[in-house]
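# my questions concern the predicted model and sequence given below.
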Amino acid sequence: MFEKFQRAFWKALTPDLVLETPQAVVAPVGETALAPAVLNALGGAENLKSQQRVALTRVRVQLQDAGRLDVQALKAAGVPGVMVLAGGVVHLLTGENTAL
Amino acid sequence: MTTTQSLELLAPLSGVLLALDQVPDPVFSSRLIGDGLCIDPTSQTLCAPLAGVISNIQDSGHAVSVTDDNGVQVLMHIGLDTVNLAGKGFTRLVEEGQRVEAGQPLIEFDADYVALNARSLLTLMLVVSGEPFKLLTPEQGLVDVGQPLLRVTPQAVADEVKDEEGDALFSKPLTLPNANGLHARPAAVLAQAAKGFKASIYLHKQTESANAKSLVRIMALQTAQGDTVQVSAAGEDAEAAIQALVTLLAEGCGEVVTAHQPAASPVAPDSSATLLRGVCASPGSAFGQVVQVKEPALTIVEAGTGEALERAVLTQALSDANLALQALQEKVVGSARSEIFRAHQELLDDPALLEQTRDLLDQGKSAAFAWNRATEATATLFQGLGNALLAERAADLADVGQRVLKLILGVQDSAWDLPEQAILIAEQLTPSQTASLDTRKVLGFVTVGGGATSHVAILARALGLPAICGVPAQVLELVNGKQVLLDADKGELHLNPDLAEIEQLQVTRQQHVLRRQREVEQASLPATTRDGHHVEVTANVASLQEVEQALSLGGEGVGLLRSEFLYLDRNRAPSPEEQAGTYSAIARALGPERNLVVRTLDVGGDKPLAYVPMDSETNPFLGLRGIRLCLERPELLREQFRAILASAGFARLHIMLPMVSLLSELRLARKILEEEALALGLTELPKLGIMIEVPSAALMADLFAPEVDFFSIGTNDLTQYTLAMDRDHPRLASQADSFHPAVLRLIASTVKAAHAHGKWVGVCGALASEALAVPVLIGLGVDELSVSVPLIPTIKATVRELDLADCQSIARQVLGLEEAAQVREALRLYHAATVETSLVVEH
């Protein structure tokens, strides 16, 4: 919220009048290593078409074969929530920045 | 009183529950909008949690609120920052005003699209009407859509507007213990408690008062720790209300507060009939006459005259305001004020602000009313976020708000006719007010609001005029033309100054002026101690303009060029040629005899650069910052090295790597630098050094030293990493003091390690710019002080007053002290002693 405004002010006020202020940054996308039990529940590493961290709390995976997904095993592996979407897309709700 | 049955709210979605405190968005986690809970959804249809009427549904479909027949209003907001999706990914299933059943589908959304395109899918359900509730499920775990989630206890229907008859009772004055005053959370607790009484209840602070049943009104009082407040109540249960609320206030309204601390609170010092106190915003003193600055009251009609017309009026006013701000920027080009007006322009097209305004226009309000309401609400929000910098920006928002409002209403600004020797007094001075000011006639500023980063403080420091902020509101009642004495150093405004006081202050002022004059005159003299030890005093700069200014003030080189500042407001990386041109111009300005230390891009999650997008991090200060980010994106570093190397030969070129914590980082960066130098056919490498700002680098300085050409200590980060205190933390910032012996010991061991290998050490953090710290830094063996440009003459003059042997002994002494305050005290005593001796010598 108000990022551009804050940034513009940050520039107006620094370098010598006030110390720097932390900023919020958007759009996190990145790879996360998945635990072996999670990988197994997703049908093994070879069943993964893609994998990325999205929306702060989720890991989005695309499966080659959605039939090999085992939701119960995912929960047993400690994934708090699972959202199965069309086209082999699955969201693993892992909470903020938790490694799997 | 109508008693109503309790109401169950159903889960609007299936998903994982999350406590509101954990939502990574302060607007929600602070409960500013309301209390409730958060669900990370696993279903894609948002359903009504209760039966009622759709009281609002956003055009963009990401938020909806439902109000039941008893007035309980529940807001659901799908995702964070989803307003930016402008409706894409959302399908509205209901209309505003429509009656819905509990569990009825309201909005469908495409979870995958939202997850890929917005910040988060975290969905909020907030009881915005403020009734208390109980959670019916465990605080964490899975919930299913339609499952009962909260039990809300509706309040009796309160007719808030009607004030109770009868004389009001007043409580005794009491002192607020809350560290940040009554911000959103404690204010909400207080308002909630006040609503439990039938009496009409007000909270008073000085001359202001607020309806204690209104969260927003309480927050608008802008209370601070140590403020004196009173509670008044009228009505049959007035006495009970006062008793309960006074107890609640004394206990901190739900916040943990330390019991008694009468002496500890520096805020709100005593004022008397002849003396008003505030805090110093800009040092100095002045004797002059009162000039009150007031804005005319504007009349705002709530109802609009047709949505299309009001929208057109708003658009026109925004565009006119934008033009006016552009003109103002050009008028004060190159100053901090120019950047401030630029920041104001950013506000004019801020999506969050415009969204709020348009929602009100949709409801048939007038453009003036909608804009005013939106800016006021956002200003309150800024104040409640617990971020001092943003809180002071509320004044800027009000300024922009007023500018646009006047344009909507067609009110002309009349030019000011100031008398000579004016001491301006205002609730708060805005950038727009001061832009048209004839500063030659102004001697000082006194404001009720504001703080060290407020606009008036910045302006006053830039003009070298005294200013105090935080003065009691009674200052606004002084008559124009009254003669007053402003002593900003002590934070005092004398209303009946006697001749002796005036003379005393004029003498002090004269001394300041003379001292500054002498320092500037002698700025070109070397910074050599009385016993002949030379210290290099260089400048911290962020532009070519500052380099030129530094040279004219006696700077012996550039000890820190913050390269990221050269392109801070760019959306795209500057071209290699442009970068090379900038570095070469700076190097040429310095010449082959002076040092130029270029720090490579120092950005990260805490200091984002628009053209270097990166993932958000939970803890950006411990994330990919400085060299870590550059090594992650080596192309960026290579390109910057090439551009810097293009300036080789014009000045004594040094390259400095920020945030180094591992030897491998230094080695990798050196390898890249060597490759680039080779590719450019350079025979001689520039000097390569590192910033010492992470404790690991300071502790391993003996291993780094053989592999660098120099060290430069960044005291700001070194302090926050050593003490594990965020320098922006509202309660810790004052303790995150670079004078702490732990920080000084790290500097001492760094210098020792460097000198053992024949390498030099500079300090480029804020500590080097503090005259008080100069003896200890010199005593510890620091070779170079890189300071903020205006302070170059002062630091050089300070060095010339010192004796190296004395400095070494004071340095040894302070390393053994326990805390920063003791170090400061010891250095103050030392300073007093040296200044006395130096005066004796001069006479």
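That came through fine. Numbering: from 1, shown residues only, chains lettered A, B, ... in the order given.
# skipping adjacent residues, who's closest to B:Ile218 in space?
In this structure, B:Ile218 finds its nearest non-sequential neighbour in B:Ala187, 4.1 Å apart by CB to CB, 6 or more residues apart in numbering or on different chains. Heads up, the C-betas are built off the backbone N, CA and C, glycines and all.
# quick check: the gap between B:Thr715 and B:Ala698.
Per CB to CB, to the nearest Å, B:Thr715 is found 11 Å from B:Ala698.
# quick one on the thing from earlier: convert the helix or strand harbouring the residue nearest to B:Ile218 to PDB, retaining C-alpha atoms only.
Using DSSP states H and E, B:Ala187 sits in helix B:184-195. In PDB, the C-alpha atoms belonging to helix B:184-195 read as follows (Å, rounded to 0.1, in the frame of the first residue of the first chain):
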ATOM      1  CA  ALA B 184      -5.800   1.400  16.700                       C
ATOM      2  CA  ARG B 185      -5.700  -1.500  19.100                       C
ATOM      3  CA  PRO B 186      -6.000   0.200  22.500                       C
ATOM      4  CA  ALA B 187      -8.400   2.800  21.000                       C
ATOM      5  CA  ALA B 188     -10.600  -0.100  19.900                       C
ATOM      6  CA  VAL B 189     -10.500  -1.600  23.400                       C
ATOM      7  CA  LEU B 190     -11.400   1.700  24.900                       C
ATOM      8  CA  ALA B 191     -14.200   2.400  22.400                       C
ATOM      9  CA  GLN B 192     -15.600  -1.100  23.000                       C
ATOM     10  CA  ALA B 193     -15.700  -0.500  26.800                       C
ATOM     11  CA  ALA B 194     -17.300   2.900  26.300                       C
ATOM     12  CA  LYS B 195     -20.000   1.500  24.200                       C
END
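# relative to B:Lys671, how far out is the residue of the stretch 651-800 of chain B found nearest chain A?
Per CB to the nearest CB, the residue of the stretch 651-800 of chain B with the smallest distance to chain A is B:Ser788, at 4.2 Å. According to CB to CB, B:Ser788 and B:Lys671 sit 34 Å apart.
# list residues touching both of B:Thr715 and B:Ala698?
Common neighbours of B:Thr715 and B:Ala698, counting by CB atoms under 8 Å, 6 or more residues apart in numbering or on different chains, are B:Ile747.
# and B:Leu486, what element?
strand B:483-487.
# following element in sequence after that strand, please.
Past strand B:483-487, the next helix or strand by DSSP H and E is strand B:492-494.
# parallel or antiparallel, list what pairs with that next one.
strand B:275-277 (antiparallel), strand B:483-487 (antiparallel) (DSSP bridges).
# what's the weakest-modelled helix or strand in chain A?
One helix or strand of chain A scores below all others by mean pLDDT, DSSP states H and E: helix A:3-13, with a mean of 52.
# assign A:Lys49 to helix, strand or coil.
Classification of A:Lys49 by DSSP: H, G, I helix; E, B strand; the rest coil places it in strand.
# that one reaches A:Asp65, doesn't it?
No. A:Lys49 lies out of contact with A:Asp65 (CB atoms under 8 Å); the separation is 9.8 Å.
# end to end on stretch A:42-62, go ahead and measure it.
Stretch A:42-62 has an end-to-end distance of 10 Å (CA to CA, to the nearest Å).
# and stretch B:126-136, by the same measure?
The first and final residues of stretch B:126-136 sit 15 Å from each other (CA to CA).
# right, and the helix or strand after the helix holding B:Ala187?
Following helix B:184-195 toward the C-terminus (DSSP H and E): strand B:200-205.
# what helices and strands are in contact with that following strand?
strand B:208-211, strand B:228-234, helix B:238-250 (3 or more CB pairs under 8 Å, 6 or more residues apart in numbering or on different chains; DSSP states H and E).
# and the helices in the stretch 51-200 of chain B?
B:111-117, B:184-195 (DSSP state H, counting those that start in this stretch).
# looking at these, which has the lowest confidence?
In terms of average pLDDT, helix B:184-195 trails the rest of the helices of the stretch 51-200 of chain B, at a mean of 74.
# could you point out which element follows the least confident helix or strand of chain A?
helix A:36-41.
# buried ones in that next one, by neighbour count?
A:Val38, A:Leu39, A:Asn40, A:Ala41 (16 or more other CB atoms under 10 Å in any protein chain shown).
# give me the contacts around it.
So helix A:36-41 is contacted by A:45, A:48, A:69-71, A:73-74, A:76-79, A:92, A:100 (CB under 8 Å, 6+ apart).
# run the last query once more with 10 Å
A:33-35, A:44-48, A:51, A:59, A:61, A:68-79, A:82, A:92, A:94, A:100 (CB atoms under 10 Å, 6 or more residues apart in numbering or on different chains).
# neighbours of B:Val787, how many?
31 (other CB atoms under 10 Å in any protein chain shown).
# thought the residue of the stretch 651-800 of chain B closest to chain A was touching B:Val537?
No. Between B:Ser788 and B:Val537 there is no contact under CB atoms under 10 Å: 11.4 Å.
# which regions of the stretch 351-500 of chain B sit below the pLDDT cut-off?
Within the stretch 351-500 of chain B, the segments meeting pLDDT under 70 span B:385-392, B:413-416, B:435-436, B:450-455, B:458, B:462.
# not counting its neighbours along the chain, what's nearest B:Leu459?
Closest to B:Leu459 by CB to CB, 6+ apart is B:Thr434, at 5.5 Å.
# so which strand or helix has the one you found?
helix B:431-435.
# output the contacting helices and strands for that helix.
Judged by 3 or more CB pairs under 10 Å, 6 or more residues apart in numbering or on different chains; DSSP states H and E, helix B:431-435 is in contact with helix B:307-331, helix B:336-348, helix B:388-409, strand B:422-426, helix B:455-463.
# pick out the residue of the stretch 151-300 of chain B closest to chain A.
Counting by CB to the nearest CB, the stretch 151-300 of chain B gets nearest chain A through B:Ser282, at 11.0 Å.
# just list whatever residues bridge to B:Gly604.
Residues in beta-bridge contact with B:Gly604 (DSSP bridges): B:Lys607.
# list the contacts for it?
If you count contacts by CB under 10 Å, 6+ apart, then B:Gly604 has A:22-23, A:25, B:564, B:612, B:614, B:617, B:620-630, B:658-659 around it.
# show me these that map onto strands.
If you go by DSSP state E, those have nothing in strands.
# just to revisit the earlier point, point out the most buried one among the helices and strands packed on strand B:200-205.
Stretch with highest mean neighbour count among the helices and strands packed on strand B:200-205: strand B:228-234 (a mean of 21; mean count of other CB atoms under 10 Å in any protein chain shown).
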